[in-house]
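S.K.: one predicted model, sequence on top.
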Amino acid sequence: MLGIMFAFLFALTGVWDIESLSLAAETTELQTVTLQIEGMTCGACVKDVRTALQKVAGVKAVEMHVGKKWFFFSDYANAHAIVTVEPGKTAVDDLKKAAEGASSALSTYRARLVQEK
């Protein structure tokens, strides 16, 4: 892909001007925050918390993990949200507030930081 961009640049200008070429491949390291979410009791709770976290500025991805009881029953007692964020775009407190803000009359969620990398 890079070779095609250089060839296109050469065709337009007739010279290889690498310094003026801005590569979009420059990426920032993403940060992973793991939150334990207490108070979830069903799949709708998982969906509500995931949706609330995805709306926070700087969030790139949200994975929800719940345990299993026996073979096919979910155990929400040890639920975790693994959130991938852009550093400097959001704070852990913003993520916790978003998860707790997804609470409803039937379920009250509490979020606490487990790990930040």
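M.R.: Received the coordinates, thanks.

S.K.: what sits against Ser74?
M.R.: Gly43, Val66, Gly67, Lys68 (CB atoms under 8 Å, 6 or more residues apart in numbering). Using the backbone N, CA and C atoms, a C-beta is placed for each residue, glycine as well.

S.K.: among these, which one lies nearest to Ala91?
M.R.: Within the contacts of Ser74, the smallest distance to Ala91 is 25.3 Å, found for Val66 (CB to CB).

S.K.: quick one, longest strand in the chain?
M.R.: Using DSSP state E to define each element, the chain has its longest strand at strand 73-85.

S.K.: ok, Lys69 to Ala77 distance?
M.R.: Separation of Lys69 from Ala77 (CB to CB, to the nearest Å) stands at 9 Å.

S.K.: ugh, wrong one, Leu113
M.R.: 18 Å.

S.K.: can you pull the contacts of Ala79?
M.R.: Gln36, Ile37, Glu38, Met40, Val46, Met64, His65, Val66, Gly67.

S.K.: who is it paired with across the strands?
M.R.: Ala79 forms beta bridges with Ile37, as assigned by DSSP bridges.

S.K.: wait, Val116 touches Leu35, no?
M.R.: For the record, residue 116 is Glu, not Val. No. Using CB atoms under 8 Å, Glu116 and Leu35 do not qualify as a contacting pair, with a distance of 9.6 Å.

S.K.: neighbour count: those two, which is higher?
M.R.: Per other CB atoms under 10 Å, whichever of Glu116 and Leu35 has more neighbours is Leu35, with 27 against 12.

S.K.: what's near enough to touch the more buried one?
M.R.: Residues in contact with Leu35 (CB under 8 Å, 6+ apart) are His80, Ala81, Val83, Leu95, Lys96, Ala99, Ala111, Arg112, Leu113, Val114.

S.K.: how confident was the prediction at the nearest residue to the third one once chain neighbours are set aside?
M.R.: Counting by CB to CB, 6 or more residues apart in numbering, Val33 is the residue found nearest to Val83 once chain neighbours are left out, at 4.8 Å. Per-residue confidence (pLDDT) for Val33: 95.
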